[in-house]
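Trainee: 3D model of this:
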Amino acid sequence: MKYYTIFLVLIMLASCKPEPKNVEEASDNNNEVPVTSFYVGTYTNKESKGIYSYSLTTEGKMNKIGLAAEATNPSYLALSPNKKYLLAVNEENQDNNGFVSAYEIKNDSLLFKNKVLSGGAHPCHISINKDNYLVVSNYTGGSVGLLQLNLEGYVSDVLDLQQHTGKGTTKRQEAPHAHSSWFDNDTFISADLGTNELWFSKIDTLNNKLEAIKPYKLAMEEGAGPRHLTVHPSKNYSYVFNELDNTITSLLKSGNGTYEKVQTISTIPEGFTGATKGADIHISDDGKFVYASNRGHDSIAIFSVNESDGRLNLVGYESCHGENPRNFSLSPDNNFLIVANQDTNNLVSFKRNSQTGLLTFVAEIEAPTPVCILFN
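Mentor: Residues are numbered from 1 along each chain as shown. I've put the predicted structure just below:
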């Protein structure tokens, strides 16, 4: 009887043991790769219908989620400080005005809130600060508009407008062309490709006005054409990407708030003679590397930052695996860089080496006329 009881216990224990198949399934589930989502702004004169949603895995692979919102030429996107709302310019010209659209982020889709005039034709860039003020750059209008996002996610009408004046020396600098505006603490810097200058301003929050501040303007090298810039995360350095001559100008901000040029360096290889122009520029979160996209040379130029004086040193170039890399973005963890190749309708992801700054190709995916990438 004793042996019979032991035999029954062994049978019961065996019946409780999970089957190997179930163990394997559980292991597979634990190895699921989490993803980060991002939005893609586009031009809609071809196949695109607006703003699209994609995901990025921790391995650097991308998946298309779908159309997040129908929109006309949402060529530049920005995220509100609380990450609840997405802002987009509508780069068009209707009676000398473009538009700014606001959306509420709902999972991977966008809920339309409202659409207002931008204050000038062909708005091409939008920035937002901690107080929810929007600064919109109107390229053809040559102006910068001030708007504000309220707590419910609606954008105000234009509160104030700063009209640029002057011109440069090249064919594309026949008039002011405000290309972007960037916040550097309480100062914002507007890059005007047409006047070949940086314009310095601040926001008078009591009166909702744009106020020019010293040094007022800073000229770039003749014919340079400032387009975008990026601000060092912890030091008083900024880097201006000049579209027309494919150079980066390094700036040093002094204690009294003025800026001086300390270096101008080319972003294309010596001896390259093909047609090319600069597009986008970003600095890594640790402030050690600057990346710039070249359209024509179709590459990402990589530079290391000298922390003592802010000067850049060339690290190398990486093919963007497409044509016309208009915009790119670093993933929130800075492990990956994604490029939007406008003319070849593809997004390309690269693994980033945080020690060397170098990029390694990972994957690519179709996207209709992509021109802006925004992680959320």
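Trainee: for the stretch 251-376 of the chain, just list every one of the strands.
Mentor: Using DSSP state E, counting those that start in this stretch, the strands of the stretch 251-376 of the chain run over 259-266, 277-283, 289-295, 299-305, 312-319, 325-330, 336-341, 346-352, 359-366, 370-375.
Trainee: and the last one, what does it pack against?
Mentor: Pointing back at strand 370-375 there. strand 35-42, strand 76-79, strand 325-330, strand 336-341, strand 346-352 (3 or more C-beta pairs under 8 Å, 6 or more residues apart in numbering; DSSP states H and E). For glycine as for every other residue, the C-beta is placed from the backbone atoms N, C-alpha and C.
Trainee: give me whichever of the ones you listed is most buried.
Mentor: Of these, the one with the most neighbours on average (mean count of other C-beta atoms under 10 Å) is strand 336-341, at a mean of 27.
Trainee: who touches it?
Mentor: Here strand 336-341 makes contact (C-beta atoms under 8 Å, 6 or more residues apart in numbering) with 38, 40, 56, 60, 62, 291, 293, 298, 300, 320-331, 347-352, 359, 362, 367, 370-373.
Trainee: show me where the chain has helices.
Mentor: Ranges of helices in the chain, per DSSP state H, are 2-16, 20-30.
Trainee: which of those has the lowest average pLDDT?
Mentor: When these are ranked by mean pLDDT, helix 20-30 comes last with a mean of 32.
Trainee: residue 172 is nearest to which of the helices and strands packed on strand 370-375?
Mentor: In terms of C-beta to C-beta, the element of these nearest to residue 172 is strand 325-330, at 16.3 Å.
Trainee: so for that closest one, mean pLDDT?
Mentor: 98.
Trainee: okay, the angle between it and strand 336-341?
Mentor: In terms of direction (axes from the mean of the first three to the mean of the last three C-alpha atoms, to 10 degrees), strand 325-330 departs from strand 336-341 by 160 degrees.
Trainee: just checking: what are the partner strands of strand 325-330?
Mentor: strand 336-341 (antiparallel) (DSSP bridges).
Trainee: pLDDT (mean, whole number) over the partner strand?
Mentor: Averaged across strand 336-341, pLDDT comes to 99.
Trainee: ok so, going back, give me whichever of the strands of the stretch 251-376 of the chain is most buried.
Mentor: The most buried one of the strands of the stretch 251-376 of the chain (mean count of other C-beta under 10 Å) is strand 336-341, showing a mean of 27.
Trainee: now do that strand: distance to the chain's middle.
Mentor: Put simply, strand 336-341 sits 10 Å off its chain's centre (C-alpha atoms, centre = their mean, to the nearest Å).
Trainee: and stretch 235-250, by the same measure?
Mentor: 16 Å.
Trainee: so which bits of that stretch are buried?
Mentor: 237-250 (16 or more other C-beta atoms under 10 Å).
Trainee: adding distance to residue 128 and pLDDT, write those out as JSON lines.
Mentor: Shown next, in JSON lines, are those (distance: C-beta to C-beta, whole Å; pLDDT from 0 to 100):
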{"residue": "237", "distance to residue 128": "22", "pLDDT": "98"}
{"residue": "238", "distance to residue 128": "18", "pLDDT": "98"}
{"residue": "239", "distance to residue 128": "21", "pLDDT": "99"}
{"residue": "240", "distance to residue 128": "20", "pLDDT": "99"}
{"residue": "241", "distance to residue 128": "21", "pLDDT": "99"}
{"residue": "242", "distance to residue 128": "25", "pLDDT": "99"}
{"residue": "243", "distance to residue 128": "23", "pLDDT": "99"}
{"residue": "244", "distance to residue 128": "28", "pLDDT": "99"}
{"residue": "245", "distance to residue 128": "30", "pLDDT": "98"}
{"residue": "246", "distance to residue 128": "29", "pLDDT": "98"}
{"residue": "247", "distance to residue 128": "28", "pLDDT": "99"}
{"residue": "248", "distance to residue 128": "25", "pLDDT": "99"}
{"residue": "249", "distance to residue 128": "25", "pLDDT": "99"}
{"residue": "250", "distance to residue 128": "25", "pLDDT": "99"}
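Trainee: restricted to strands, list those residues.
Mentor: Of these, the ones assigned to strands by DSSP state E are 237, 238, 239, 240, 241, 242, 247, 248, 249, 250.
Trainee: for the fifth one, what are its contacts?
Mentor: Looking back up the chat, that one is residue 241. Listed by C-beta under 8 Å, 6+ apart, the contact partners of residue 241 are 226-230, 247-248, 267, 278-281, 292.
Trainee: which one of the residues you listed is nearest residue 111?
Mentor: Checking those against residue 111 with C-beta to C-beta, the nearest one is residue 280 at 28.0 Å.
Trainee: the closest one against residue 293, yeah?
Mentor: Yes. With contact defined as C-beta atoms under 8 Å, residue 280 reaches residue 293; the gap is 4.8 Å.
Trainee: what do these two both touch?
Mentor: Each of 325, 326, 327, 328 lies in contact with both residue 280 and residue 293 under the rule C-beta under 8 Å, 6+ apart.
Trainee: no more questions from me, cheers.
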